[in-house]
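# take this sequence and fold it.
(one chain, ligands or ions: 1)
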Amino acid sequence: MNKKVAIVTGGSSGLGFATAQQLIADGMTVIITGRDGEKLQGAKQSLGDHCVAKQIDTSDFDALPGFIEDIVSNYGSIDVLVNNAGINMKKPVADVSNEDFQKILDVNLTGVFALSREVIKVMSTQETKGVIINISSMAAQYGLPYVIAYSASKTAIDGMTRALAVELGPVGIRVNAVAPGFIHTPMTAKALDSDPARKAKVMGRTPMGKMGEPQDIADAISFLVSDRAKFIHGVVLAVDGGNSIGF
Ligand code: NAP
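A predicted model of the protein is given here:
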């Protein structure tokens with residue numbers, strides 16, 4: 001019961017999986033979430049006994065309070081929340097329906113808000129409070145075509161990170177965001193493999209000349225949630241091989 005407890009949404013794949021693996025290596029009990037039960041169970045098997053898999057859709061807002069109550073009653077506290085679950089949709093803006101747009105916002109933004117709110121209620125009452133990490137994107141740093149809803153959602157995540165940090169700093173809850181550059185995961189494969197021109201553009205403006213690995217993001221999160229980052233608050237940390245400042 002004295003292990004730290006972390007929630008990593010979307011921990012069944014990509015960046016979330018690498019983050020869950022790292023936080024377990026750091027000594028935490030990690031609850032991973034996802035919609036696809038089979039994928040989730042596969043991840044749980046690889047992550048081992050200190051991983052707990054909970055099949056939940058973070059855009060099923062009504063289910064979130066019960067999910068959090070269940071974690072608290074079983075594990076006693078919530079020390080870390082990594083709002084990682086996210087979806088993308090690549091389409092010209094004229095083809096994006098209101099429903100398409102809303103679906104992205106529900107997962108990438110409203111779900112992050114609704115889950116954070118429930119976790120904040122718990123963290124506020126704990127002696128050691130806690131740390132929240134939101135996952136942003138390069139889509140919030142510069143204009144990216146064909147991902148209108150994704151860009152809107154991730155830009156809002158940066159704003160929400162700052163607003164939460166200002167409100168929760170006095171309470172003792174730290175809030176930061178990580179903005180991954182282009183990292184090898186199923187999501188990027190979907191967006192770039194069929195679009196060599198976009199991939200060439202990404203590489204052309206990445207000074208380090210390569211895409212990142214999920215572990216690069218996991219390492220940054222591991223640092224940000226640790227006491228070594230105890231005075232880092234309200235930042236959006238780009239982990240991107242220089243992509244966001246590339247020419
Ligand atoms: P990924 O491999 O597609 O993984 C996404 C994870 O989120 C999966 O575990 C997925 O599981 C889960 N998920 C999606 N919708 C969900 C929902 N409604 N409720 C619960 N879980 C849900 O993607 P990734 O590349 O690792 O991306 C992770 C995060 O990093 C996202 O927020 C993404 O926007 C951000 N990001 C990634 C990159 C990159 O280069 N990869 C760059 C910038 C930002 P299910 O499908 O089973 O639900």
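
# which outside residues touch the longest helix seen in the chain?
Ranked by residue count under DSSP state H, the longest helix found in the chain is helix 148-168. Contacts of helix 148-168 from elsewhere in the structure, counted by CB atoms under 8 Å, 6 or more residues apart in numbering, are 83, 86-89, 93, 96, 100-101, 103-105, 108-109, 112-113, 116, 120, 132, 134-137, 139-140, 143-144, 174-177, 179, 233-234, 236. For the C-beta atoms, the positions are set from N, CA and C on the backbone; glycine is no exception.

# go again with 7 Å.
88-89, 93, 96, 100-101, 104-105, 108-109, 112-113, 116, 120, 132, 134, 136-137, 139-140, 144, 175-177, 233-234, 236 (CB atoms under 7 Å, 6 or more residues apart in numbering).

# filter the residues you listed to the buried ones?
88-89, 96, 101, 104-105, 108-109, 112, 116, 120, 132, 134, 136-137, 139-140, 144, 175-177, 233-234, 236 (16 or more other CB atoms under 10 Å).

# so, low pLDDT: which residues of the chain?
Counting by pLDDT under 70, the chain shows low-confidence ranges at 1.

# quick one: the strands in it?
Using DSSP state E, the strands found in the chain span residues 5-8, 29-34, 51-55, 80-83, 130-135, 173-180, 236-239.

# ok, residue 225 touching residue 131?
Yes: shown here, residue 225 and residue 131 form a contact pair, counting by CB atoms under 7 Å, at 4.6 Å.

# between these two, which contacts overlap?
residue 80.

# just to revisit the earlier point, mind putting the strands of the chain in CSV, distance to residue 19 included?
Output for the strands of the chain, formatted as CSV (distance: least, CB to CB, whole Å):
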stretch, distance to residue 19
strand 5-8, 5
strand 29-34, 8
strand 51-55, 12
strand 80-83, 6
strand 130-135, 9
strand 173-180, 9
strand 236-239, 12
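
# let's see which of the buried ones among the contacts of helix 148-168 end up in helices.
Reading helices off the buried ones among the contacts of helix 148-168 with DSSP H, I get 101, 104-105, 112, 116, 120.

# from residue 176, how far off is the residue of the chain positioned farthest from its centre?
Distance from the C-alpha centroid of the chain peaks at residue 94, with 28.1 Å (CA atoms, centre = their mean). Distance of residue 94 to residue 176, computed by CB to CB, to the nearest Å: 36 Å.

# same thing with residue 115?
Distance from residue 115 to residue 176, by CB to CB: 16 Å.

# and the chain, which residues reach the ligand?
9-10, 12-16, 33-36, 39, 57-59, 84-87, 107, 135, 137, 180, 182-183, 185-188 (CB under 6 Å from any ligand atom).

# how about a cut-off of 5 Å?
By CB under 5 Å from any ligand atom, the residues of the chain that approach the ligand are 10, 12-15, 34-36, 39, 57-59, 84-87, 107, 135, 137, 180, 182-183, 185-188.
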